[in-house]
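Student: Sequence and predicted structure are below.
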Amino acid sequence: MSKRPTIVLLPGLLCDASMWDAQRRALEPYADVRIGDFSQLDSIEAMARSALALADGPLVAIGHSMGARVAMEMVRLAPERITKLVLIDTGIDPRRDGEQEKRQELVDLAFAEGMKALADRWLPPMVHLERVADEALLAPLKDMVLRASPEQHQRQIKALLDRPNARLGLAQIACPTLVMVGRHDRWSPLAQHEEMAALIPEAELVVIEDSGHMSLVEQPEQVSQALLRFLGFGNKNDDTHGVATGREEPMDEEAAPDRIPDTPLFDRKRSLRGYRINKMAMGLGDPANREAFKQDESAYLDRFGLTPEEKDAVMTRNWQEMVRLGGNLFFILKISAVDPVRITEIGAHQAGMEHADFLRDRLGKK
Amino acid sequence: MAKLIGGLGTSHVPSIGAALDKGLRDTPDWKAFFDGYIPGQEWVKRHKPDVAVVIFNDHGNTFFLDKVPTFAVGCAEEYRPVDEGWGPRAIAPFKGDVDFSWHFIDTLVENRFDPMICQEIEVDHGLQVPMELFWGKPDAWPVKVVPIFVNVIQYPIPLPSRCYEMGRVLRKAIESYDSDERFVILGTGGLSHQLQGARAGFVNPEADQAFLNDIADNPDKLAGMSREQYVEMFGSEGAELMMWLVMRGAMDPDVVVRHKHYFVPASMTGAGMIVMENRADAASAAAA
């Protein structure tokens, strides 16, 4: 048995293994890479089952577009098997009003006028607006569409129209998740991915610059680098600034976190990370909640869905760790209203100093 | 028309309120700090403002992270002290100035500032402490308040220059307000302090002293600084100092400093106070 991790790459509508060429090459030195084939299937669940059958044991699921919906379904079916999840250029909502009619039009077009007509209509909106005439990009994509059949298209459209409401399962995704999107994805926009990243507990968002929906082939290098970093392969980019992380960090450099050493700014990453802890602490503004906290701290923390890690940080009064987990002092300070501790002691703890030394060396007290 | 009679700046450290509540005013840790405010209190007694516009930030007491307004303006009849975890402090509720608040909100929007409008809201130490420092702890406040909440916690926080510009609109609102009321503006927060991270406990007395000079004589420089520079120079929570720029932006370029005070550390913070008048007013008062 190989100790190398198994990665399953999951292509989207009308797409095949060729979409993943660059990423497969980048990942193969580090993992066994399998690629799903959904050409014969007509439901997301069946696609997920077929992908789970590609390997035994734990695996990393990486899906693009429809393939990412398959990946989320895999988590639903076999959460214990998915160690990491990557969702690229995708969505979470079920069928929209009017969607069926629009999709049926394309199904009919493929049967009436052939796959070339479908490719000409379907492909341009999938890529960056400025790249709709880029033959070097589009020719291989057209070839790929021509390898598919109107029947495959019809089956996959049925699967998409009947897709589950993936939104409902996001909060239950327990594995580390990378959400990735082309900044100019017109089909499944950035905002949708920001929302997904916010709803998935352990998610990070990476924006692929200068890319539309087909980020795998529009910006293969950016996508591969982000995957390598997220999966901890090659250590090529321990520093997240090495890849296009886009608005995951504040746009303007001046507000970028930790550019000032040991000074965590409460940016959106920390705010999302610390939401539960801060909400729990905010609750202590209410006397009834303070009483509940005193009576049974663990039960009070559970009410706010704190993870075991977060609970431990609070219950051991580990201020440094609470801040690392996104806790903001203004909120978590309320814990000191229930279980008194001086703010200078909280400061000393974070600075890693004895209280007396902290007062003297930092605050200049005699 | 209403008149702006002064711009006040002060820290709003919660420990100041706690020290007063616990009767620690004259202890060695605090006496020099509180004594430094006496001239400011006397200035207020002498000038008897009718309305205090207070620029401050909520500290996770009234707003949670679910809704974070960049700028919010209170237009309530009354503002009660909020329970920050220790129970509400024994402070008289603050009386609002509903008419002016709405006039100010109108003026803001007409000048392309779009604040959150708050008809019912409680206030934390960010407003309480500055009021106590200048007015003491009366049974009923002799002055109405207009709270302006600025988000200086959840990034992106506003630009310092934006706070300064808002001050200009505040001045416009006061001078177009049909009333003979006398206004003071309180810019609050700071000075240098940092509560989070391994740099916790950072204070920068030299930068604080320079700030107290520049806020009077060189406010354009302070308005032109980046948020990062504020954080670097004054600590992550010291970035609150940009709220003083709302007050300063409402004043004339040329001001007279009546009183100034600096003390470090108040709890974990460099603490300071300033009282300024527009030089034009000071000159005409002298001539009269």
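Tutor: Cool, the structure landed.

Student: residues in contact with the residue of the stretch 201-350 of chain A found nearest chain B?
Tutor: Proximity of the stretch 201-350 of chain A to chain B (Cβ to the nearest Cβ) peaks at A:Ala337, 3.2 Å away. Every residue, glycine included, has its C-beta placed from N, CA and C. When contacts are counted by Cβ atoms under 8 Å, 6 or more residues apart in numbering or on different chains, A:Ala337 touches A:284, A:290, B:84-86.

Student: That one: which element?
Tutor: Element membership for A:Ala337, per DSSP states H and E: helix A:335-338.

Student: Report all helices and strands that the helix or strand containing A:Leu106 contacts.
Tutor: Per DSSP H and E, A:Leu106 falls inside helix A:99-113. Here helix A:99-113 touches helix A:115-122, helix A:150-161, going by 3 or more Cβ pairs under 8 Å, 6 or more residues apart in numbering or on different chains; DSSP states H and E.

Student: Mind listing what's buried along it?
Tutor: Within helix A:99-113, the residues scored as buried using 16 or more other Cβ atoms under 10 Å in any protein chain shown are A:103, A:106-107, A:109-110.

Student: Quick check: the farthest pair among the contacts of A:Ala337?
Tutor: Put simply, by Cβ to Cβ the two of the contacts of A:Ala337 set farthest apart are A:Arg290 and B:Glu84, 11.4 Å from each other.

Student: which one of those two has more residues nearby?
Tutor: The neighbour count for A:Arg290 versus B:Glu84, taken as other Cβ atoms under 10 Å in any protein chain shown, is higher for B:Glu84 (24 against 21).

Student: which parts of the longest helix anywhere in chain B are buried?
Tutor: Of all segments of type helix in chain B, defined using DSSP state H, the longest is helix B:160-175. Judged by neighbour count using 16+ other Cβ under 10 Å, the buried positions of helix B:160-175 are B:160-167, B:169-174.

Student: Poorly predicted segments of the chain, please.
Tutor: This is for chain A. The model of chain A has pLDDT under 70 over residues A:1-2, A:235-258.

Student: my question was about chain B
Tutor: For chain B, residues meeting the criterion pLDDT under 70 lie at B:286-288.

Student: can you pull out the strands in it?
Tutor: Taking DSSP state E as the test, the strands found in chain B are B:3-10, B:51-56, B:71-74, B:78-79, B:94-95, B:116-118, B:144-150, B:182-188, B:255-266, B:269-278.

Student: Would you list the phi and psi of the closest residue to B:Asp21 other than its chain neighbours?
Tutor: Distance criterion Cβ to Cβ, 6 or more residues apart in numbering or on different chains; nearest residue to B:Asp21, sequence neighbours excluded, is B:Arg89 at 6.4 Å. In terms of degrees, to the nearest 10, the main-chain angles of B:Arg89 are phi -70, psi 160.

Student: pretty sure B:Arg89 contacts B:Gly17?
Tutor: Yes: between B:Arg89 and B:Gly17 there is a contact under Cβ atoms under 8 Å: 6.2 Å.

Student: list residues touching both of the two?
Tutor: B:Gln128.

Student: thinking again about what came up before, with distance to A:Pro176 as added columns, please give the contacts of A:Ala337 in TSV.
Tutor: Formatted as TSV, the contacts of A:Ala337 follow (distance: Cβ to Cβ, whole Å):
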residue	distance to A:Pro176
A:Leu284	30
A:Arg290	34
B:Glu84	36
B:Gly85	34
B:Trp86	39
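
Student: what is the orientation angle of the helix holding A:Leu106 with helix A:115-122?
Tutor: Here the directions of helix A:99-113 and helix A:115-122 differ by 140 degrees (axes from the mean of the first three to the mean of the last three Cα atoms, to 10 degrees).

Student: Report the distance from stretch B:273-285 to the chain centre.
Tutor: Centroid displacement of stretch B:273-285 relative to its chain, using Cα atoms, centre = their mean, to the nearest Å, is 18 Å.

Student: hey, C-alpha coordinates of it in PDB?
Tutor: Provided in PDB are the C-alpha atoms of stretch B:273-285 (Å, rounded to 0.1, in the frame of the first residue of the first chain):
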ATOM      1  CA  MET B 273      -6.800  65.400  26.800                       C
ATOM      2  CA  ILE B 274      -7.000  68.600  24.800                       C
ATOM      3  CA  VAL B 275      -9.300  71.600  24.800                       C
ATOM      4  CA  MET B 276      -9.200  73.900  21.700                       C
ATOM      5  CA  GLU B 277     -11.100  76.900  20.500                       C
ATOM      6  CA  ASN B 278     -11.100  78.400  17.100                       C
ATOM      7  CA  ARG B 279      -8.600  81.300  17.100                       C
ATOM      8  CA  ALA B 280     -11.200  83.700  15.500                       C
ATOM      9  CA  ASP B 281     -13.500  83.200  18.500                       C
ATOM     10  CA  ALA B 282     -10.700  83.500  21.000                       C
ATOM     11  CA  ALA B 283      -9.600  86.800  19.400                       C
ATOM     12  CA  SER B 284     -13.100  88.300  19.300                       C
ATOM     13  CA  ALA B 285     -13.700  87.200  22.900                       C
END
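
Student: Kindly state which of the strands of chain B is positioned closest to chain A.
Tutor: For these, proximity to chain A was assessed by Cβ to the nearest Cβ; strand B:255-266 is nearest, at 4.2 Å.

Student: before we move on, back to that, deepest of the helices and strands packed on helix A:99-113, which one?
Tutor: helix A:150-161 (a mean of 19; mean count of other Cβ atoms under 10 Å in any protein chain shown).

Student: got the contact list for the helix or strand just after it?
Tutor: Per DSSP H and E, the first helix or strand lying C-terminal to helix A:150-161 is strand A:177-182. With contact meaning Cβ under 8 Å, 6+ apart, strand A:177-182 is reached by A:84-89, A:128, A:188-190, A:192-193, A:196-197, A:200, A:202-208, A:211-215, A:218-219, A:223, A:226-227, A:230.

Student: For chain A, just list every one of the strands.
Tutor: A:6-10, A:32-35, A:59-64, A:82-88, A:177-182, A:203-208.

Student: With mean neighbour count added, can I get those in TSV?
Tutor: Shown next, in TSV, are these (neighbours: other Cβ atoms under 10 Å in any protein chain shown):
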stretch	mean neighbour count
strand A:6-10	25
strand A:32-35	19
strand A:59-64	27
strand A:82-88	25
strand A:177-182	27
strand A:203-208	24
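
Student: would you turn those strands into CSV with distance to B:Val53?
Tutor: Shown next, in CSV, are the strands of chain A (distance: least, Cβ to Cβ, whole Å):
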stretch, distance to B:Val53
strand A:6-10, 58
strand A:32-35, 63
strand A:59-64, 54
strand A:82-88, 48
strand A:177-182, 43
strand A:203-208, 40
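
Student: so which of the strands of chain B comes closest to A:Val314?
Tutor: Among these, the nearest to A:Val314 by Cβ to Cβ is strand B:269-278 (25.3 Å).

Student: follow-up on the earlier one: next step: the contacts of A:Ala337 restricted to helices.
Tutor: Those of the contacts of A:Ala337 lying in helices (DSSP H): A:Arg290.
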